[in-house]
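# how would this look folded up:
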Amino acid sequence: MDLALTDQQCAFRDDVRAFLASSLSPELRRGEALTSGVFAEPDIAREWQAILEAKGWLVYHWPTEAGGPGWTPIQRWIFEKECADSGAPVLPGMGLKLVGPVLYTFGTQTQKDHYLPRLRTGEHIWAQGFSEPGSGSDLASLRTRAVRDGDHYVVSGHKIWTTQAQYANRLFALVRTDTEVKPQQGISFLLIDMALPGVTVKPILSASGDHELNEVFLDEVRVPVSERVGEEGQGWSIAKFLLENERGGSSFAPLLLADLERLRASVGPLTGELAHRAIRLQLEAEALEMTELRTAMEIEQGAAPDARSLITKLLASEIRQGIEALAVDAFGLAGLQLPVQRPFYGEDVPTPVESAQAQIAAARYLNARAWSIFGGTSEIQLTLIAKAALGL
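Next up is the predicted model:
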């Protein structure tokens, strides 16, 4: 397959580059460079989201009928690569890439009219309520109950590992509405206003001191039946659609390559075993990038998505962890410090040393350990690949 871009695609790439060059302030670039988690910090994310929305490129992966620009798979790939190369902030995807497509695919017209505009303006900030204690990889075993009471569901349960729930005002959640059928058939998909009585959010601090994850407790929360997406019992099918977007809805390689370049610029020339590791990671990331580009081209030509979205998630997790391990080793003792704003330092705050990249290396390393867990563990990915690609 010829992976060269056409003249029209190159012209589009040049337009994207020009927009990024004029729109990305040094503060936005620095905010992304100093992010130790997956997504940009809220103030940085809000500013960049507003800029993209004003341009009409915020929901670049949405079809025109849902309010998106209707870009082709190759245009989306080009945009993501140029954003990564330019150091643009990575926006939280719970609303834009997860519940947004669910709403314009499965939602009622009333739900679309109410939620999609507010998602784009940032009025509604979404969190994902899927995992529970004891129900992570085995998601179908979830126990959060939604009992019908007239025009409402009474929801009680406990969600965990809920990313950025401390900032969210809306939660999309899987709940059990029927206990008399097979586990997958008794699950429904609800939209929950987090200001409702009975919703409690408690922080989970990571090993690095980051507050990115939370527990969400639901204690007899009354949710209108009109906030159910799809039919009762359709939640599992909707969740599979959503998880396919989570696992394969973005290009991983451009961000990995950008982070490798940032590491080289910060730490200087690498030698010996560190240089060999860097070269190997570079080649693996470039191979992943070509796989993602080839997949986008095939989908644009009419091919159906296949197991490669699972493969790219698996490989991206391994490369991400390799890059962050390399950074800690390359920075030496300076790579073992944690950013000074971490809450467990209290008043005994150490003095940061060396570059800003060295100061976040340990936090990024610890955060990267979760890459092989969230969005489906690597073991789950391997099982799905074995079934989908190898027929095992």
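# what does stretch 114-128 rub up against?
46, 49-50, 53, 58-59, 66-67, 92, 94-96, 98-100, 103-104, 107, 162-165, 167-173, 191, 194, 214, 216 (CB atoms under 8 Å, 6 or more residues apart in numbering). C-beta here means a position set from N, CA and C on the backbone, and glycine is covered the same way.
# okay, domains of the chain per the record?
Per automatic domain parsing, the structural domains of the chain span 7-91, 124-244, 251-339+350-388.
# what pLDDT, on average, does the shortest one get?
Going back to what we said before, that points to domain 7-91. Across domain 7-91, the average pLDDT comes to 95.
# how close does the most centrally placed residue in the chain sit to Ile125?
The chain has Gly93 as the residue nearest its centroid, 4.8 Å off, counting by CA atoms, centre = their mean. Remark: distance between Gly93 and Ile125 (CB to CB, to the nearest Å) = 12 Å.
# hang on, the earlier thing: which of the contacts of stretch 114-128 fall in strands?
Judged by DSSP state E, these include 170-173, 191, 214, 216 as members of strands.
# one step back: go ahead and confirm the residue nearest to the centre of the chain touches Leu242.
No - Gly93 lies out of contact with Leu242 (CB atoms under 8 Å); the separation is 10.7 Å.
# thinking again about what came up before, the domains of the chain: lowest mean pLDDT?
domain 251-339+350-388 (a mean of 90).
# look at the closest residue to Leu392 other than its chain neighbours and tell me its secondary structure.
Spatial nearest neighbour of Leu392, excluding adjacent residues (CB to CB, 6 or more residues apart in numbering): Ala386 at 4.2 Å. What DSSP: H, G, I helix; E, B strand; the rest coil gives for Ala386 is helix.
# what ranges does the stretch 51-200 of the chain have for its helices?
Ranges of helices in the stretch 51-200 of the chain, per DSSP state H, counting those that start in this stretch, are 73-86, 93, 100-106, 109-121.
# can you redo these as CSV with distance to Gln337?
As requested, the helices of the stretch 51-200 of the chain are exported to CSV (distance: least, CB to CB, whole Å):
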stretch, distance to Gln337
helix 73-86, 26
helix 93, 29
helix 100-106, 38
helix 109-121, 37
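# for Ser378, find the nearest of the ones you listed.
Checking those against Ser378 by CB to CB gives helix 93 as the closest, at 19.8 Å.
# buried sites along stretch 369-383?
By 16 or more other CB atoms under 10 Å, the buried positions in stretch 369-383 come out as 369-372, 374-376, 378, 380-381.
# for the chain, which helix is longest?
For the chain, the helix that runs over the most residues, judged by DSSP state H, is helix 272-300.
# following element in sequence after that one, please.
helix 308-331 (DSSP states H and E).
# that next one to helix 272-300, inter-axis angle?
160 degrees (axes from the mean of the first three to the mean of the last three CA atoms, to 10 degrees).
# quick check: which helices or strands does helix 308-331 pack against?
helix 235-248, helix 253-267, helix 272-300, helix 356-368, helix 378-388 (3 or more CB pairs under 8 Å, 6 or more residues apart in numbering; DSSP states H and E).
# now tabulate those helices in CSV and tack on distance to Pro133.
What follows is the helices and strands packed on helix 308-331, written out as CSV (distance: least, CB to CB, whole Å):
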stretch, distance to Pro133
helix 235-248, 18
helix 253-267, 31
helix 272-300, 33
helix 356-368, 21
helix 378-388, 18
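# out of those helices, which comes closest to Ala18?
That would be helix 253-267 among the helices and strands packed on helix 308-331, by CB to CB, at 18.1 Å.
# kindly export that closest one (C-alpha atoms) in PDB.
Listed next in PDB are the C-alpha coordinates belonging to helix 253-267 (Å, rounded to 0.1, in the frame of the first residue of the first chain):
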ATOM      1  CA  ALA A 253       2.000   6.900  17.900                       C
ATOM      2  CA  PRO A 254       2.300  10.700  17.300                       C
ATOM      3  CA  LEU A 255       2.200  11.400  21.000                       C
ATOM      4  CA  LEU A 256       4.700   8.700  21.700                       C
ATOM      5  CA  LEU A 257       7.100  10.000  19.100                       C
ATOM      6  CA  ALA A 258       6.700  13.600  20.400                       C
ATOM      7  CA  ASP A 259       7.500  12.500  23.900                       C
ATOM      8  CA  LEU A 260      10.600  10.700  22.800                       C
ATOM      9  CA  GLU A 261      11.700  13.900  21.000                       C
ATOM     10  CA  ARG A 262      11.000  16.000  24.100                       C
ATOM     11  CA  LEU A 263      13.000  13.600  26.200                       C
ATOM     12  CA  ARG A 264      16.000  13.800  23.900                       C
ATOM     13  CA  ALA A 265      15.900  17.600  23.800                       C
ATOM     14  CA  SER A 266      15.800  17.700  27.600                       C
ATOM     15  CA  VAL A 267      18.300  15.100  28.600                       C
END
